[in-house]
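Novice: Predicted structure and sequence below. I'll ask about it afterward.
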Amino acid sequence: MEIFSENIRGAMCYILGFVTGALFLLFDRSPFVRFHAVQSLLTFSTVAALQIILPVFPGGVIIARILLGISVILWAVCIVKASRGEIFKLPVFGSIAEEQLNLPYM
């Protein structure tokens, strides 16, 4: 018997960004959860990398702060959508996650 439902596990993939995405990708076998895990891993590892790289460039600090605000909103939306059992494909990362898992969700 599972402790958490598939929807809750899908939402938990986003809680700590790419960290929980990687953990759920390794340990969960549900296609729904694995999709959200890969999408979380790709999205939030990219955001973290950009947060590190952007301040090096002129004007990059401002862009990094805007990106941080957008990513917090995106993070919340992903958690809510996954907890409702929806497959919420982000424009780039959702398609990549789908291809990596060979899941024809959309």
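Specialist: Everything's here; your move. Numbering: from 1, shown residues only.
Novice: which regions of the chain lie under the pLDDT threshold?
Specialist: 1, 103-106 (pLDDT under 70).
Novice: Report the central residue of it.
Specialist: S40 (1.8 Å; C-alpha atoms, centre = their mean).
Novice: A37 and V61, how far apart?
Specialist: Distance from A37 to V61, counting by C-beta to C-beta, to the nearest Å: 31 Å. Every residue, glycine included, has its C-beta placed from N, CA and C.
Novice: who touches stretch 39-50?
Specialist: With contacts defined as C-beta atoms under 8 Å, 6 or more residues apart in numbering, stretch 39-50 is touched by 13-14, 17-18, 20-22, 24-25, 64, 67-68, 71, 74-75, 78, 89-90, 93-94, 96-97.
Novice: Please list all residues in contact with K81.
Specialist: Contacts of K81 by C-beta under 8 Å, 6+ apart are F88.
Novice: list the buried ones in the strand or helix carrying it?
Specialist: Using DSSP states H and E, K81 sits in helix 60-83. Using 16 or more other C-beta atoms under 10 Å as the test for burial, helix 60-83 gives 64, 67, 71, 74-75, 78-79, 81-83.
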